[in-house]
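**Q** Dropping a prediction and its sequence here:
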Amino acid sequence: MTPRRAVLAAIAVYAVARAASFVAVLVAARDSAQPVLDLLTKADGLRYLAIAADGYPPPPPIGPDGVYVSTTNLAFFPLYPATIRLFSWAMDPRAAAVVAALVAGLVATVLIALWAVPRVGTSGAVVLVGVWSLWPSSVVLGMGYSESLFVAAAAGTLLALQRGRWVWAAFACALAGLTRPTGAALVAALLVALVVRRPPLRSWLPAALLAPVGLLVSLGHVAVATGRLDGWFWLESTVWRSGFDGGRSTVTNAVHAFTGTRDQRVAPYVVAAVVCVVAVVLLVALLASRPPVEEAVYAVLATAMALGGVGYFHCKPRFLGVVLPLFVPPARWLSRLPVPALLVLGAGALALSAWWSAWFVVTWPYSV
């Protein structure tokens, strides 16, 4: 298989995965009499739609306890809402949010495949895209969420670094920093790669200056709005009850998912617990294979951010789904299987993913 055919095959795999997920959600939504576009833009999607329509609102009043009296959209990064606004010129904003995510996912698929071919071969690249496309909570790749756009920027960063295109890598990294806080892990990965590889100064300096710009803009506008230099982190801890505890709450929730009360053993928590364990195993396997330094740094930091964050335990699979280097070990393992066995395994994973997507989007009342 040539690299070009690998890219085309990867696109086909992504398209089939997204189509199966959408059809499953559509059927479940019809049975529950809920508008499918409302379901595909629920929870975080509503926040992004509000920002796309009206921009960022002024901060709410501060209560007697010293924190805001209500939640605020300030903590959500700006690039994905801007993308929704762009697509909204031609369609309903809810449809625009979904289409923007799907298009970003398509771009991400191409960039992932191009990055993966030198790492795992042409067949492995197609398998890697398949693992990413069917990862638990991959349904967000076709919802009003920012993961597709972030993965496109992350894949672009890794691909450009792989090819020694430092300024392009920094540009993609800046876009990632405008999309999600995990962009900080990409910035660190690029800066470490600069130090280790020591490219010429004409590449080193602009890359080092450009890479953190998006993240600084995202955090800076929150600092200005809140009047606090640590504004974004303060919002996360006080308004959204999130933060970083080094993984203590994740371990506690994972244990409860298997041994706790019935309320603690709900399906999304059990799936999240399994995914967290799998992610740690994949990270160890990745590091044991001695990956390029930027992949190692990004994988370690992004996984630590996902597992070390407080709250939103059921969202851990979504947070881990953007850590592309984690998919290198299973892509290598699975690509060694005979094609018939791989097709059977893929068909089963596709059916399971579609069923889970429908349940997660339609029945589960919270964020995905």
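**A** Good, I have the coordinates. Numbering: from 1, shown residues only.
**Q** secondary structure class for the closest residue to residue 46 other than its chain neighbours?
**A** Nearest non-adjacent residue to residue 46, counting by Cβ to Cβ, 6 or more residues apart in numbering: residue 144, 7.8 Å away. Heads up, the C-betas are built off the backbone N, CA and C, glycines and all. Here residue 144 is recorded as coil under DSSP: H, G, I helix; E, B strand; the rest coil.
**Q** And residue 220, how close does it get to residue 231?
**A** Relative to residue 231, residue 220 is positioned 9 Å away (Cβ to Cβ, to the nearest Å).
**Q** correction: residue 262
**A** The gap separating residue 262 from residue 231 is 39 Å, by Cβ to Cβ.
**Q** Of these two, which one has the most company?
**A** In this view residue 262 and residue 231 are compared by other Cβ atoms under 10 Å, and residue 231 has more residues nearby, 20 against 6.
**Q** Quick check: phi and psi on that one?
**A** Dihedral angles of residue 231 (phi, psi; degrees, to the nearest 10) stand at phi -50, psi -50.
**Q** Correct me if wrong: it contacts residue 222.
**A** Yes. Taking contacts as Cβ atoms under 8 Å, residue 231 lies within contact range of residue 222: 4.3 Å.
**Q** Now for those two: what residues contact both?
**A** residue 74 (Cβ atoms under 8 Å, 6 or more residues apart in numbering).
**Q** now residue 327: how far from residue 343?
**A** Separation of residue 327 from residue 343 (Cβ to Cβ): 19 Å.
**Q** And residue 288, by the same measure?
**A** Distance check for residue 288 against residue 343: by Cβ to Cβ, it reads 29 Å.
**Q** cool, and residue 195?
**A** 44 Å.
**Q** Ok, residue 226 next?
**A** Distance, residue 226 to residue 343, using Cβ to Cβ: 52 Å.
**Q** Mind giving me the packing neighbours of the helix or strand bottoming out on mean pLDDT in the chain?
**A** Least confident helix or strand, the chain: helix 231-238 with a mean of 91, by mean pLDDT, DSSP states H and E. Secondary-structure packing of helix 231-238 (3 or more Cβ pairs under 8 Å, 6 or more residues apart in numbering; DSSP states H and E): helix 213-226.
**Q** which parts of the helix it packs on are buried?
**A** Applying a neighbour-count criterion of 16 or more other Cβ atoms under 10 Å, one finds 213-215, 217-219, 221-223, 225-226 buried in helix 213-226.
**Q** And for it, what's in contact with it?
**A** With Cβ under 8 Å, 6+ apart as the contact definition, helix 213-226 has outside contacts at 56, 58-59, 74-75, 77-79, 173-179, 181, 183-184, 187, 229-232, 234-235.
**Q** Which members of the residues you listed are positioned in helices?
**A** The members of these that map onto helices under DSSP state H are 79, 173-177, 183-184, 187, 231-232, 234-235.
**Q** which of those residues has the most neighbours?
**A** If you rank the ones in helices among the contacts of helix 213-226 by neighbour count (other Cβ under 10 Å), residue 176 sits at the top with 32 neighbours.
**Q** Specify which member of the ones in helices among the contacts of helix 213-226 is nearest to residue 126.
**A** residue 176 (24.2 Å; Cβ to Cβ).
**Q** so who does that closest one touch?
**A** Applying Cβ under 8 Å, 6+ apart, we find residue 176 in contact with 150, 153-154, 157, 182-183, 186, 214.
**Q** Try it again at 10 Å.
**A** 77, 79, 149-157, 182-187, 190, 211, 214-215, 322 (Cβ atoms under 10 Å, 6 or more residues apart in numbering).
**Q** Buried ones among those residues?
**A** Buried among the contacts of residue 176 by 16+ other Cβ under 10 Å: 77, 79, 149-157, 182-187, 190, 211, 214-215, 322.
**Q** Go through stretch 252-263 and flag the buried ones.
**A** Residues 253-254, 256-257 are the ones in stretch 252-263 that count as buried (16+ other Cβ under 10 Å).
**Q** Could you save the residues you listed as CSV and add columns showing pLDDT, secondary structure and distance to residue 12?
**A** Below are these laid out as CSV (pLDDT from 0 to 100; DSSP: H, G, I helix; E, B strand; the rest coil; distance: Cβ to Cβ, whole Å):
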residue, pLDDT, secondary structure, distance to residue 12
253, 94, helix, 37
254, 94, helix, 35
256, 93, helix, 40
257, 93, helix, 35
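**Q** Just the closest of the residues you listed to residue 112, please.
**A** Checking the buried residues of stretch 252-263 one by one against residue 112 (Cβ to Cβ), the nearest turns out to be residue 254, at 28.1 Å.
**Q** tell me which element residue 199 is part of?
**A** Assigned by DSSP states H and E, residue 199 falls within no helix or strand.
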